[in-house]
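Undergrad: Test case, fold it:
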Amino acid sequence: MARLWSGWLLWAVAMMTVAGCASTPAASGGQFVGRAVKVDGHAAYYQVFVPRNAAASRGQLPVILFLHGSGERGRDGRRQTQAGLGPYLRQHTSTFPALVVLPQTPDDQEWSGENNRIALAALDAAIAEFGADPQRQYLTGMSMGGYGSWNIALEHPDRFAAIVPVCGAVLSPHQSRPDLQVEAVAGQRDPYAAIAQRLRNVPIWMFHGALDDLVPPDDDRKLHAAFQQAGAKDVRYTEYPEGNHNAWDATYADAAMWAWMFAQNR
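TA: Numbering: from 1, shown residues only. Next up, the predicted model:
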């Protein structure tokens, strides 16, 4: 037990050292910094991408909450930067204009309950520390994180200026993962209509691959139809005809998506 505690302490000190040393991004480009938050008595580590010249934009920075997929789960506080939005940010460190908060779920857990509270606590902490604009908070997630985007948005329908779920769904496509679902509507007769009614005034752009055999696009198609039926103001759906499950690389490389997102305000 002493060895385990000693190892954890050394790791925590290293994380705090990295966070302290990297708290002021170089003028030439943005960078990731490590942070920790404590919720319900549990500490969780997350990353924040701080854009170039963030200090000069204090109070005006857009901020994005990014929810990773199943493959990035863990407790290392870093793996969530290795797929999806993280690699895109590393390719555009000098030009990406927004703060990005990247929390992480533990192994074998979903974006629900305490994990969602941790994600929002990390978002709140980053807004306070780096001076992000509370009127320009955005939410995006991929695969499991797409489900999480709906879960968090339904709990906080007035918080985010725009939502971009990527290759997510509403109900679980796999019997082996019954908890992979949008919990708030899972028991309703028409969960798609329920989501559309609650979020019809929120700008949303969904993305999916037509050939996705891991999380089929059926739920996103039904959601888009439900939003249209509900008279949603600005809900879009892009389906890549030749795309499989990895719809995130194309989505986060889409300049039109970013221009649309950053134009939204609460």
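
Undergrad: can we go C-alpha only for contacts and neighbour counts from here?
TA: Noted.

Undergrad: Now Met206, what are its backbone angles?
TA: With angles defined as degrees, to the nearest 10, Met206 sits at phi -100, psi 150.

Undergrad: Kindly report the same for Gln47.
TA: phi -120, psi 150.

Undergrad: Quick check: beta-bridge partners of it?
TA: Counting by DSSP bridges, Gln47 is bridged to Gly34, Leu102.

Undergrad: In contact with it, which residues?
TA: 32-35, 77-78, 81, 101-103 (CA atoms under 8 Å, 6 or more residues apart in numbering).

Undergrad: With distance to Gly113, neighbour count and pLDDT added, can I get those in CSV?
TA: Below are the contacts of Gln47 laid out as CSV (distance: CA to CA, whole Å; neighbours: other CA atoms under 10 Å; pLDDT from 0 to 100):
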residue, distance to Gly113, neighbour count, pLDDT
Phe32, 26, 26, 97
Val33, 25, 22, 96
Gly34, 23, 22, 96
Arg35, 21, 25, 97
Gly77, 19, 22, 93
Arg78, 21, 20, 94
Thr81, 22, 24, 97
Val101, 18, 27, 98
Leu102, 17, 28, 98
Pro103, 14, 31, 98
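
Undergrad: Find the pair from these with maximum spatial separation.
TA: Pairwise distances across the contacts of Gln47 (CA to CA) peak at 13.4 Å, for the pair Arg35 and Thr81.

Undergrad: re earlier: nearest to Arg136 among the contacts of Gln47?
TA: Nearest member of the contacts of Gln47 to Arg136, counting by CA to CA, is Val101, at 13.4 Å.

Undergrad: pretty sure the closest one is touching Leu123, no?
TA: Yes. If you go by CA atoms under 8 Å, Val101 and Leu123 touch, sitting 6.1 Å apart.

Undergrad: any common contacting residues for those two?
TA: Leu65.

Undergrad: Assign a three-state SS to the residue nearest the centre of the chain, would you?
TA: By CA atoms, centre = their mean, the chain has its centre lying nearest to Phe66, at 2.1 Å. Counting by DSSP: H, G, I helix; E, B strand; the rest coil, the backbone at Phe66 sits in strand.

Undergrad: distance of it from Gln197?
TA: Applying CA to CA, to the nearest Å, the value for Phe66 to Gln197 is 24 Å.

Undergrad: Now stretch 250-264 - C-alpha only, CSV.
TA: Written as CSV, here are the backbone C-alpha positions of stretch 250-264 (Å, rounded to 0.1, in the frame of the first residue of the first chain):
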residue,chain,number,x,y,z
ALA,A,250,-13.3,14.5,-41.4
THR,A,251,-15.5,16.4,-39.0
TYR,A,252,-12.8,18.1,-37.1
ALA,A,253,-11.0,18.9,-40.4
ASP,A,254,-14.1,20.7,-41.7
ALA,A,255,-13.5,24.4,-41.8
ALA,A,256,-17.2,25.0,-42.4
MET,A,257,-18.1,23.2,-39.2
TRP,A,258,-15.7,25.4,-37.1
ALA,A,259,-16.9,28.6,-38.7
TRP,A,260,-20.5,27.6,-38.0
MET,A,261,-19.7,26.7,-34.4
PHE,A,262,-17.7,29.8,-33.5
ALA,A,263,-20.5,32.0,-34.9
GLN,A,264,-22.9,30.7,-32.3
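
Undergrad: list the buried ones in it?
TA: Neighbour-count burial for stretch 250-264, with 16 or more other CA atoms under 10 Å as criterion, is recorded at 251-252, 261-262, 264.

Undergrad: Just confirm Val100 is within a strand.
TA: Yes. According to three-state DSSP, Val100 belongs to a strand.

Undergrad: Do a quick rundown of the helices in the stretch 51-200 of the chain.
TA: Assigned by DSSP state H, counting those that start in this stretch, the helices in the stretch 51-200 of the chain fall at 85-91, 113-130, 144-155, 191-199.

Undergrad: Right, I'll call it a day here.
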